[in-house]
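Peer 1: sequence below, structure please.
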Amino acid sequence: MAKDGYHHGDLANALVEAALKVVETDGVEAVSIRDLAAQIGVSRAAPYRHFEDRDALLAAVALKGFEALGDIYQSAADGPGDGRARLRESMRRYIAFATQHPRLHSLMFQAGVLAPSSKPPGLAGAAAERTYEVLWATLRGAYPHADEAWLKKKRTTMLSSVVGFLVLDEGGRFPAEWAAPLTRDDLIEAVLDAAVG
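Peer 2: Here you go, the predicted model:
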């Protein structure tokens, strides 16, 4: 293929996929538009036809993460069991997603790509909103008689428990000798007991 020979839209997708691979393997700091352009075989200027800057590209990568997480939540919400079981499964799958993709997860929730100043504004935000809406519906289904204030408190404590576990686990704060005879799966079930019930 000739240099810059991508059809409209193909280069944008290629850049996002290439940047996602870099995020997953080496972290956000390693993403360089110049390096990605060289890797794909286009000029240094070509990526800027699709992304204003590096932050805009990273927002598009985060969008991919939120789309995947939204699908994960929806799959759990459509699964078997009662409302509480589906909510518990949503959180179990969230833990699995964050564990399998720790650097992408960090980009999605800690790198500021959801800020109003992100470029283009709200790119990852729309997908994040869909993700939260699916989770909110699952939460409401788990506690159908609860009022909105209680549900908001529950959402806060539930996510705080799960994300707190993820942060501590990623930091190696649950070494085998400290948790023994419990396995990591045992710890996850304990977190889900506390988070969901």
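Peer 1: can you list contacts of stretch 167-185?
Peer 2: When contacts are defined by Cβ atoms under 8 Å, 6 or more residues apart in numbering, stretch 167-185 is touched by residues Thr99, Pro102, Asp186, Leu187, Ala190. Any C-beta I mention is one placed from the backbone N, CA and C, and that applies to glycine too.
Peer 1: between these, which sits nearest Gln39?
Peer 2: Pro102 (22.9 Å; Cβ to Cβ).
Peer 1: pull the contacting residues for that closest one.
Peer 2: Per Cβ under 8 Å, 6+ apart, neighbours of Pro102: Glu170.
Peer 1: switch to numbering from 824
Peer 2: Sure thing, new numbering starts at 824, so read that last one as Pro925.
Peer 1: so how far is Pro998 from it?
Peer 2: According to Cβ to Cβ, to the nearest Å, Pro925 stands 18 Å off from Pro998.
Peer 1: got it, and Asp894?
Peer 2: 33 Å.
Peer 1: list phi and psi for Leu910.
Peer 2: When read as degrees, to the nearest 10, the backbone of Leu910 gives phi -70, psi -40.
Peer 1: how near is it to Tyr871?
Peer 2: Distance, Leu910 to Tyr871, by Cβ to Cβ: 43 Å.
Peer 1: identify the residue nearest Tyr966 in space, chain neighbours excluded?
Peer 2: Counting by Cβ to Cβ, 6 or more residues apart in numbering, Tyr966 lies nearest to Leu974, which is 6.3 Å off, once chain neighbours are set aside.
Peer 1: show the contacting residues for that neighbour.
Peer 2: Trp959, Leu962, Arg963, Tyr966.
Peer 1: so Leu910 and Tyr871 - more neighbours on which side?
Peer 2: The neighbour comparison of Leu910 against Tyr871 (other Cβ atoms under 10 Å) goes to Leu910, with 27 against 14.
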